[in-house]
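Asks: Whatever this is, show me its structure:
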Amino acid sequence: MKRLRAILVGIILIAAFPDANAQQVLKDKAYQISIASGWTRTESVPQGLDVGFRKPLPQGGWATFYFHHEVMPLEPGEQPPSDTSDMKRQFAAMVRNQYPDARSVAGEVPKVSGKILVNATYELTHGGTRLRRRYTYFLAEKTAFVVQCSASPTQWADVLTDFDAMLASLRPGGSAPEAKTRSDDSAEEDLRRNLPTLLDSFPSQWSCSLSDVTITRASLDGKRTLEVALSFDRPNIGDIYKATRTVFGVIKAGKTDADLNSLPAEIQRAAFNSGEFIKYVGQVWGLAWGYVANCNPPIEGYRLPILDSKGKRIGSVSISREDGSAILTGKVSASEVQRVAGMYVFE
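Replies: Numbers count the residues shown, from 1 in each chain. Modelled structure (predicted):
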């Protein structure tokens with residue numbers, strides 16, 4: 001199943017460098033980068049980004065270079081996805097949701113130290129200022145980088161060489177950042193703040209909102225579970241959920257296509273939406289994965305209660321941490337349909 005790797009936050013920033021007039025090589029456990037002459041470290045960065053630099057422009061204003069970095073749960077030898085069309089579509093939807101006047105323009109494809117997954121350039125209005133902005137999302141070894149370069153359209157060419165040089169120098173730092181435990185309250189707060197951005201990128205027919213986020217402890221086995229309740233603004237979401245539960249049950253039981261074709265007509269009609277339903281539910285727990293990865297005690301399961309537009313609970317979809325890891329890291333393929341179906345538990 002295709003999914004958009006979530007953008008995560010929270011890696012430690014390094015201290016500001018002292019000399020802005022000479023090229024600097026900054027090294028962190030998670031990344032390293034060479035900073036061009038005239039750029040200085042910013043004291044604050046936009047939400048969702050980790051590190052930033054800026055440079056004054058001759059005609060006024062600033063050029064900015066911000067990036068986010070995250071270590072992905074990839075196994076040795078694994079490759080980044082070859083089909084990134086869905087990722088690009090959702091990335092564009094998130095940009096246009098945040099900047100309604102964003103206009104895609106032809107832009108350069110920069111050189112990076114890994115594989116580019118998304119590269120797009122826009123002209124948009126941010127804080128009343130018209131900007132040209134390039135987003136570059138690439139994967140280098142196990143580190144994913146999202147880089148945001150911005151400058152006024154009339155001065156973009158003046159700083160493009162700096163942008164490209166710094167982007168080409170950005171690479172993993174050689175060792176993973178130290179794992180830091182975080183509180184449940186902190187993880188829940190970040191999820192409440194950042195999950196709506198992902199939900200806003202869903203197509204209109206899958207419009208949904210975040211109803212609640214809770215980390216719970218099961219009463220019987222004591223395992224901790226992250227619950228993310230989603231309210232779908234779709235009149236037939238109940239039928240889609242029931243059909244998906246039925247179809248997954250049939251596949252899990254090892255039944256044949258003939259058994260699927262013998263299901264009632266109303267189940268088969270609703271089941272045409274099952275693949276997309278599971279994809280978007282999967283994107284939610286895929287994003288949530290990183291926010292709770294360092295909670296202590298660990299989170300061992302993910303449960304997504306499904307609500308209708310009036311807040312009525314329809315059911316829930318659950319997946320264990322172990323099974324989630326297998327899906328996110330590509331240890332199972334779409335051809336293993338029976339195994340994949342068994343990873344999902346429907347209430």
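Asks: Going by C-alpha atoms from here, please, whenever you check contacts or count neighbours.
Replies: Fine.
Asks: From start to finish, how long is stretch 120-138 in a straight line?
Replies: 12 Å (C-alpha to C-alpha, to the nearest Å).
Asks: what does that stretch contact?
Replies: Residues outside stretch 120-138 that contact it (C-alpha atoms under 8 Å, 6 or more residues apart in numbering) are 99, 101-107, 112, 114-119, 144-153, 156.
Asks: quick one, phi psi at the residue sitting furthest away from the middle of the chain?
Replies: Of all residues in the chain, Ser262 has its C-alpha farthest from the mean position, at 37.9 Å, by C-alpha atoms, centre = their mean. Dihedral angles of Ser262 (phi, psi; degrees, to the nearest 10) stand at phi -90, psi 0.
Asks: Just say helix, strand or coil for Arg132.
Replies: Three-state call for Arg132 (DSSP: H, G, I helix; E, B strand; the rest coil): strand.
Asks: Just grab the bridge partners of it for me.
Replies: Arg132 has these beta-bridge partners by DSSP bridges: Glu123, Ala151.
Asks: What is the neighbour count of it?
Replies: A count of nearby residues for Arg132, using other C-alpha atoms under 10 Å, gives 25.
Asks: Kindly report the same for Ala106.
Replies: Ala106 has 8 neighbours, counted by other C-alpha under 10 Å.
Asks: Also Thr129?
Replies: Counted by other C-alpha under 10 Å, the residues lying close to Thr129 total 11.
Asks: do the same with the one 4 residues further on
Replies: Applying other C-alpha under 10 Å, we find 26 residues neighbouring Arg133.
Asks: Then the one 5 residues further on?
Replies: Counted with other C-alpha under 10 Å, the burial measure for Phe138 works out to 21 neighbours.
Asks: Then the one 3 residues further on?
Replies: Residues lying near Glu141 (other C-alpha under 10 Å) number 20.
Asks: so who does it touch?
Replies: Gly114, Pro172.
Asks: Quick check: it vs Arg245, distance?
Replies: Counting by C-alpha to C-alpha, the gap from Glu141 to Arg245 is 37 Å.
Asks: where in the stretch 1-150 of the chain is pLDDT low?
Replies: In the predicted model, the stretch 1-150 of the chain carries pLDDT under 70 at residues 1-24, 73-82.
Asks: if you set the cut-off to 90 instead, what comes out?
Replies: Where the stretch 1-150 of the chain drops to pLDDT under 90, the residues are 1-31, 34-49, 55-61, 70-91, 94, 107-108, 114, 127, 140-144.
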